[in-house]
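Colleague: Please work out how this folds:
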Amino acid sequence: MAIKAEPDIEAFKAAALRCPLPSAVELIGEKWAFLILRGALNGLQHFEQFQAALGIARNILSNRLAKLVDGEILERCPDPADRRKVVYSLTAKGEALLPVVLALRQWGEDWGHGCQEIFLADKVEGRPVRRICVQAHDGRELKLGDLMWVDKATGASVKHPHKG
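Modeller: Residues are numbered from 1 along each chain as shown. Down below sits the predicted model:
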């Protein structure tokens with residue numbers, strides 16, 4: 001009789017504590033922060049624009065904008081056209097979140113969580129952008145079963161703790 005190996009929960013826990021996902025979710029995973037990011041990706045720049053477009057309370061908006069500035073997702077600068085106003089603009093770190101936002105939008109469309117009446121298109125040809133997917137180095141689309149974790153230092157495959 002074969003004995004099923006128990007998952008190495010301690011190894012999983014140690015890896016979870018080093019995982020970048022929790023800190024990323026902490027920064028942008030909250031509903032309002034994500035909607036502000038979406039607004040910035042769509043050209044919103046001023047406090048009043050975010051407030052009107054999102055219907056968010058001013059105190060919550062102020063708090064989330066400050067958090068996104070502290071997290072270096074947005075930068076806050078005086079508006080050159082009106083020095084009394086502030087412009088919030090995406091940093092390179094913030095712009096790098098575009099594939100994340102697009103992947104979540106596509107997932108929501110696929111699973112019936114949002115409208116599909118408009119789509120993101122290439123400015124040159126006006127055609128829809130390619131769907132976000134996980135790809136191998138040679139461009140092959142990969143599914144969950146095609147993936148493994150590898151130790152960067154040794155190049156060795158790392159056993160996934162919950163697969164025994």
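Colleague: tell me, how many neighbours does residue 33 end up with?
Modeller: By the criterion of other C-beta atoms under 10 Å, residue 33 has 21 neighbours. For glycine as for every other residue, the C-beta is placed from the backbone atoms N, C-alpha and C.
Colleague: try residue 61
Modeller: When neighbours are counted by other C-beta under 10 Å, residue 61 comes out with 19.
Colleague: Just to check, it is in contact with residue 54?
Modeller: Yes. Using C-beta atoms under 8 Å, residue 61 is in contact with residue 54, at 7.3 Å.
Colleague: Find residues that contact each of the two.
Modeller: Taking C-beta atoms under 8 Å, 6 or more residues apart in numbering as the contact rule, residue 61 and residue 54 both touch 32, 36.
Colleague: Break this protein into its domains for me.
Modeller: 21-95, 97-164 (automatic domain parsing).
Colleague: Just the residues contacting the helix or strand hosting residue 52, thanks.
Modeller: Assigned by DSSP states H and E, residue 52 belongs to helix 47-54. Contact with helix 47-54 is made by 32, 35-36, 39, 44, 56, 58, 61-62, 65, 86, 88, as judged by C-beta under 8 Å, 6+ apart.
Colleague: if we can go back for a sec, out of the domains of the chain, deepest packed?
Modeller: Highest mean neighbour count among the domains of the chain (mean count of other C-beta atoms under 10 Å): domain 21-95, with a mean of 15.
Colleague: tell me the mean pLDDT for that one?
Modeller: Average pLDDT, domain 21-95: 94.
Colleague: and what of stretch 101-110?
Modeller: Per-residue pLDDT over stretch 101-110 has a mean of 90.
Colleague: chain center to that stretch, what's the gap?
Modeller: Distance of stretch 101-110 from its chain centroid, counting by C-alpha atoms, centre = their mean, to the nearest Å, is 11 Å.
Colleague: Looking at the chain, which strand is longest?
Modeller: strand 82-90 (DSSP state E).
Colleague: Paired strands for that one, with orientation please.
Modeller: Here strand 82-90 has these sheet partners by DSSP bridges: strand 74-79 (antiparallel).
Colleague: As CSV, could you dump the C-alpha coordinates of the strand it pairs with?
Modeller: Extracted in CSV, the C-alpha atoms of strand 74-79 (Å, rounded to 0.1, in the frame of the first residue of the first chain):
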residue,chain,number,x,y,z
LEU,A,74,1.6,57.6,-8.8
GLU,A,75,3.6,60.8,-8.5
ARG,A,76,2.1,64.0,-7.2
CYS,A,77,3.3,67.3,-8.9
PRO,A,78,2.0,70.8,-9.2
ASP,A,79,-0.1,71.3,-12.3
